[in-house]
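Trainee: I'd like to go over a predicted model; first the sequence, then the structure.
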Amino acid sequence: MDYQKAGVNVKAGDAASDAFYKASKTTWQFRKGAGRVQSTFDDFSALRFIDVSNLKDTVMGHNLDGVGTKSEIAERLKKFDTLGFDLLAMVCDDAVIRGAEPVAVGDVLDVSRIDPKPMAQLAHGLERAAKMANVSVINGEIAELGKKVGGFGAFRLNWAASCIWLARKDRLLDGSKVKPGQSIIALKEDGFRSNGLTLARRILEHQGGGEWHVKYKRLAEQLLHPSKIYTRFASSLFGGYDGEAVASVSTMAHITGGGIYGKLGRALRPSGLGADLIDLYPPCKAMTTLMEMGPVNEDEAYKTWNMGNGMLIVTSEPDKVLAQAKKMNLEAKVAGAVTDKPGISIQAS
């Protein structure tokens, strides 16, 4: 008996680590100046770090998240090249809503076995997503865990990441500057991002059985739609770490678990104010289909899914925010306004 017979292929694991290292190395070019990546030598085992020697009046933090059960959709469809967008959307967009600029990401990838084809897809997707988010993938860990990793099929995975961010103290967004009458801008999302998929899978399994992805293949493909990454746009509004601001922003909400009620409610909590949302983007077709199949009532849907709105931005300069969104090819519109009365009112589209 040896390690490989026990289910762990060390050589294959090293090859996978090297492939991810080569993919991540191409992301280092995305960071210039603050957050620039340095390495002691050219190998996945080398020490890597970010340069912060010239920073002042700066705070640094990090946040963590993962793709959750969206990985099972990828396993069922045997398509893994979009999960990197979901992974970085979760951690980078969570950072930018605080007035921070994400600079570096590290990830932990647990797999049931080392399989070169899906691993290559995961690495390629992560590389493309890092370019969109303007971050460097600085390090990572791959673990071959066999049956400890649940899911569907022979190749199963869990994927999580940590995002390191930098912020100027005077640019941090804590929600305390929100005022009644300020506009709320919605950014359009065409998919589920990486939240609420447990409910979606439960509905589909109830209707289609264990092989629901075969019966509802088109719907499964819609569930796998990659998350938009809003980091570059949102960061550009307040100027990131050292750029020029283009619009005044009071707070932002990344619409993930808990939906609009949970995430916008949290962003408005420090001010004690509320919101009246009268012109949100409508949910994608997959969401309305699942609401009918469930059935899932509208109130529950808005507490679980993003319902077509991936991020909400509170601003006193809506025209400038909308102009920047157009410049960066993002769909955005004024969806409502901040109110004196606490609580969130949603008028569904």
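Mentor: Looks like it arrived, so ask away.
Trainee: Any stretches of the stretch 201-349 of the chain with poor pLDDT?
Mentor: Applying pLDDT under 70 to the stretch 201-349 of the chain flags residues 349.
Trainee: At which residues are the strands of it located?
Mentor: Here the stretch 201-349 of the chain has its strands, by DSSP state E, counting those that start in this stretch, at 249-254, 274-277, 309-315, 332-339, 343-346.
Trainee: do you know how far residue 334 is from residue 319?
Mentor: Between residue 334 and residue 319 the distance, using CB to CB, to the nearest Å, works out to 9 Å. For glycine as for every other residue, the C-beta is placed from the backbone atoms N, C-alpha and C.
Trainee: Comparing these two, which residue is more hemmed in?
Mentor: Residue environment comparison for residue 334 versus residue 319 gives the larger neighbour count to residue 334, 16 against 11, counting by other CB atoms under 10 Å.
Trainee: and residue 183, how many neighbours?
Mentor: Burial of residue 183 is recorded as 19 neighbouring residues (other CB under 10 Å).
Trainee: Quick check: closest non-adjacent residue to residue 74.
Mentor: residue 80 (5.0 Å; CB to CB, 6 or more residues apart in numbering).
Trainee: same thing with residue 227?
Mentor: Using CB to CB, 6+ apart, the closest residue to residue 227 is residue 89 (3.7 Å).
Trainee: Test my guess that that neighbour contacts residue 192.
Mentor: No. Counting by CB atoms under 8 Å, residue 89 stays clear of residue 192, with 11.2 Å between them.
Trainee: thinking again about what came up before, residue 200: which of the strands of the stretch 201-349 of the chain is closest?
Mentor: Nearest to residue 200 among these is strand 309-315; the distance by CB to CB comes to 16.6 Å.
Trainee: To which secondary structure element is residue 105 assigned?
Mentor: Element membership for residue 105 (DSSP states H and E) is strand 101-111.
Trainee: Name the strands paired with that strand and say parallel or antiparallel.
Mentor: According to DSSP bridges, strand 101-111 has the following sheet partners: strand 136-144 (parallel), strand 157-168 (antiparallel).
Trainee: So which of those is the most surrounded?
Mentor: For those, ranked by mean neighbour count under the definition mean count of other CB atoms under 10 Å, the leader is strand 157-168 at a mean of 22.
Trainee: among the strands paired with strand 101-111, where is the model least confident on average?
Mentor: Of all the strands paired with strand 101-111, strand 136-144 carries the lowest average pLDDT, namely a mean of 92.
Trainee: what's the domain layout of this structure?
Mentor: Partitioning the chain according to automatic domain parsing yields domains covering residues 10-169, 183-346.
Trainee: and of these, who's closest to residue 177?
Mentor: For the domains of the chain, proximity to residue 177 was assessed by CB to CB; domain 183-346 is nearest, at 4.6 Å.
Trainee: wait, residue 84 sits on residue 121?
Mentor: No. With contacts counted by CB under 8 Å, residue 84 stays clear of residue 121, the gap being 9.0 Å.
Trainee: who are the neighbours in contact with the residue nearest to residue 255 when sequence neighbours are not counted?
Mentor: Of all residues not flanking residue 255 in the chain, residue 306 sits nearest, at 4.2 Å (CB to CB, 6+ apart). If a contact means CB atoms under 8 Å, 6 or more residues apart in numbering, then residue 306 has 189, 192-193, 195-196, 255-256, 259-260 as its contacts.
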